[in-house]
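> dropping a prediction and its sequence here:
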Amino acid sequence: MIDVREVTNEAGELLCGELLGRAEVVHRELRPALSADYRGQMRRVFDGGGRMVVATSGDEVAGVAVYRIFEDTHSGLKLHVDDLVVSEPLRGHGVGRALLDALAERAREAGAATITLDSGTQRHRAHAFYFREGFFITSFNFKKSIT
């Protein structure tokens, strides 16, 4: 059974430091360049509006979602997924869907009408998953280094 648990509350306060620590290994599957000071980096993300939930299967962290709820001029109030990752051996077993279902519930509770996310162009398996889950491509994301 998959259980989705809060790591932060709505104010970004850490609810379970032990879960944050256990989430790191799975999170690094998507983001291997995360800071060596994972807890410090995530604290800054939470201070900036980020929130985290994890999917657990028994005592194992099976997936991680980092998200934020905000309003912009294009979409209004929305939930944006910064990171969604399922541990490689557990992909295809409903963990990603459980995380997205939990995020959809949080979006509805906040009054948001949409969920958005960005996905690297090379992540073909992730794209197939998002299409199956009802997502569609609405725009391109552009990036320019300024350093």
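Done, it's in.
> which pLDDT value belongs to the closest residue to residue 80 other than its chain neighbours?
Sequence neighbours aside, residue 116 is the residue nearest to residue 80 in space, at 4.9 Å (criterion: Cβ to Cβ, 6 or more residues apart in numbering). Glycine gets a C-beta too; all of them are placed from N, C-alpha and C. Per-residue confidence (pLDDT) for residue 116: 97.
> show me what the helix or strand hosting residue 116 pairs with in its sheet, parallel or antiparallel.
Assigned by DSSP states H and E, residue 116 falls within strand 114-117. Next to strand 114-117 in the sheet, as set by DSSP bridges, lie strand 76-86 (parallel).
> hey, C-alpha coordinates of the longest helix seen in the chain in PDB?
As assigned by DSSP state H, the longest helix anywhere in the chain is helix 95-110. The C-alpha coordinates for helix 95-110 follow below in PDB (Å, rounded to 0.1, in the frame of the first residue of the first chain):
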ATOM      1  CA  VAL A  95       3.600   5.600  -6.800                       C
ATOM      2  CA  GLY A  96       3.600   8.500  -9.300                       C
ATOM      3  CA  ARG A  97      -0.200   8.400  -9.600                       C
ATOM      4  CA  ALA A  98      -0.600   8.400  -5.800                       C
ATOM      5  CA  LEU A  99       1.700  11.500  -5.600                       C
ATOM      6  CA  LEU A 100      -0.200  13.300  -8.400                       C
ATOM      7  CA  ASP A 101      -3.500  12.400  -6.800                       C
ATOM      8  CA  ALA A 102      -2.300  13.900  -3.500                       C
ATOM      9  CA  LEU A 103      -1.100  17.000  -5.200                       C
ATOM     10  CA  ALA A 104      -4.400  17.400  -7.100                       C
ATOM     11  CA  GLU A 105      -6.200  17.300  -3.700                       C
ATOM     12  CA  ARG A 106      -3.900  20.000  -2.300                       C
ATOM     13  CA  ALA A 107      -4.500  22.100  -5.400                       C
ATOM     14  CA  ARG A 108      -8.300  21.800  -5.000                       C
ATOM     15  CA  GLU A 109      -8.100  22.600  -1.300                       C
ATOM     16  CA  ALA A 110      -6.200  25.800  -2.200                       C
END
